[in-house]
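Chemist: got a predicted model here, sequence first, then my questions.
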Amino acid sequence: MNRLCMVAVLLASSSAAAQRITTWKGESAEAAPGAHASLTADGPWLPVALATSSALEVHDATTARPRFLERADGTRLLLHIEPTNLATFTRGPAVLAPARDKVTTEIGPRTPGMKLDAGTRLDHVGPDDNGRTKVRFGWRWDDGSLDIEGWVMTDKIGKVYKGVDEPPPSFEPDATAPGNYKLLDAPGGKPFVFSKGRDRIEVMTLARKGKHTLVRIGQGAVGWIATRQLRTIEQDVWGALIGEEGGVEGGVLGCSPPCREPTLPRDTPLFASIDGEWIGETDHGFVLAPAERSGDWLRFDVVTRFGKVAVWAKQPELRNAPKVSSPPKR
């Protein structure tokens, strides 16, 4: 009987046992505007939806609501995200081919198409067609744009991706193309890269066939273009003006006087409720005053991108914070 009681006590206290956020496995996602998050896997959505898109550090993508790290008010919380509002990416090194029947796992340096690194955001994803999907993505700037469309293997597409450092393809420009150019899948073939702009663009020539030249652009795509549209860099009177944006080193971590001491030690476990689910821990600069005390439990209201979250910490000795009285009994 005593043994059974001891097991019951251990089970009851296990929810408040110290846990730590595990090392990030490098999986990422991006929440689109309007995305919601919850404190627990089956809990209600927090009151605020994202106003703008935001990158997420995913710690568990295996559940119906992927779990991600949210840093807020000196805490590290593992919240759950609404999966329907996650952007779509290439989940691993993928190959984009101009035509459905050209999709392969390998691409040569002179093959029309493009090698896509993990984490390439896709603006449009068509339905699966026997393991192949048509996609579209691109870039926008003040006076131009670049759009690329083609086919990739469906298993290379997903909401969560793991970053992989891939060496970029060589790019040694020796010619320029007009700002409004198209790259074709073959000499005289169909376009799959569409550029809009006024300034001429630097390209790298790879081969020539008849009236067309195979080129690589700075973004990595390879395709054919009419040779008459190209100029060597020496022939291009105006050339291409390439600027470099500099940065100012700074951003010293710290605070401006008067500084406040942390109210809870770093790495203090945080829970969704008293004796409830562990959801994270305190980080640097946790200076929130407790909003409620219940025995050894303290409640703190943390402001996140998704609204205010009530978290609990079991910490009998509270540092440098005003005392709070227990709520009146009803």
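Modeler: Everything's here; your move.
Chemist: for burial, what's the neighbour tally of Met204?
Modeler: Met204 has 17 neighbouring residues, counting by other Cβ atoms under 10 Å. Yep, even glycine has a C-beta here, placed from its N, CA and C like the rest.
Chemist: beta partners for it?
Modeler: Counting by DSSP bridges, Met204 is bridged to Arg216.
Chemist: same deal with the one 4 residues further on?
Modeler: When bridges are called by DSSP bridges, Arg208 pairs up with Thr213.
Chemist: quick check: it touching Thr227?
Modeler: Yes. Counting by Cβ atoms under 8 Å, Thr227 is a contact partner of Arg208 at 6.6 Å.
Chemist: and the gap between Ala94 and Trp139?
Modeler: 18 Å (Cβ to Cβ, to the nearest Å).
Chemist: more neighbours, those two?
Modeler: Under the criterion of other Cβ under 10 Å, the comparison of Ala94 against Trp139 puts Ala94 first, with 23 against 11.
Chemist: so who does that one touch?
Modeler: Contact analysis of Ala94 by Cβ atoms under 8 Å, 6 or more residues apart in numbering lists Lys115, Leu116, Ala118, Thr120, Val152, Met153, Lys156, Ile157.
Chemist: if we go to 10 Å?
Modeler: 103, 105, 107, 114-118, 120, 122, 135, 152-153, 155-157 (Cβ atoms under 10 Å, 6 or more residues apart in numbering).
Chemist: and if you look at Ile148?
Modeler: 96, 98, 113-114, 116, 120, 123, 135-139, 183, 192-195, 217, 219-221, 223.
Chemist: and for Ala207?
Modeler: Per Cβ under 10 Å, 6+ apart, neighbours of Ala207: Arg110, Thr213, Leu214, Val215, Val222, Trp224.
Chemist: again, but for Ile107
Modeler: If you count contacts by Cβ under 10 Å, 6+ apart, then Ile107 has Ala94, Val95, Leu96, Ala97, Gly113, Met114, Lys115, Leu116, Pro169, Val222 around it.
Chemist: what's the closest non-adjacent residue to the fifth one?
Modeler: Of all residues beyond its chain neighbours, the one nearest Gly113 is Ala97 (4.7 Å), with distances taken as Cβ to Cβ, 6 or more residues apart in numbering.
Chemist: what bridges to the one you found?
Modeler: Bridge pairing for Ala97 - DSSP bridges - gives Trp151.
Chemist: separation between it and Val135?
Modeler: Applying Cβ to Cβ to Ala97 and Val135 gives a distance of 11 Å.
Chemist: what do the two both touch?
Modeler: In contact with both Ala97 and Val135: Gly150, Trp151, Val152, using Cβ under 10 Å, 6+ apart.
Chemist: most neighbours out of those, which is it?
Modeler: Gly150 (25 neighbours).
Chemist: and for the residue nearest to that one when sequence neighbours are not counted, the neighbour number?
Modeler: Of all residues not flanking Gly150 in the chain, Leu96 sits nearest, at 4.3 Å (Cβ to Cβ, 6+ apart). Leu96: 30 surrounding residues under other Cβ under 10 Å.
Chemist: check Gly126 too.
Modeler: Neighbours of Gly126 using other Cβ under 10 Å come to 13.
Chemist: got any ranges where this protein has weak pLDDT?
Modeler: 1-18, 105, 165-166, 235-260, 316-330 (pLDDT under 70).
Chemist: give the buried residues for stretch 117-125.
Modeler: Buried residues in stretch 117-125, defined by neighbour count with 16 or more other Cβ atoms under 10 Å: Asp117, Ala118, Gly119, Thr120, Leu122, Val125.
Chemist: name the member of those with the shortest distance to Ala87.
Modeler: Relative to Ala87, the closest of those is Leu122; by Cβ to Cβ it sits at 8.0 Å.
Chemist: what about that closest one, distance to Glu202?
Modeler: Distance check for Leu122 against Glu202: by Cβ to Cβ, it reads 26 Å.
Chemist: next one: Gly150
Modeler: 22 Å.
Chemist: go on, Asp174?
Modeler: Separation of Asp174 from Glu202 (Cβ to Cβ): 9 Å.
Chemist: go on, Leu288?
Modeler: According to Cβ to Cβ, Leu288 and Glu202 sit 52 Å apart.
Chemist: what's the distance between Ala51 and Ala272?
Modeler: 25 Å.
Chemist: between the two, point out the one with more neighbours.
Modeler: Between Ala51 and Ala272, Ala272 has the larger neighbour count (other Cβ under 10 Å), namely 19 against 9.
Chemist: right, I'll leave it there.
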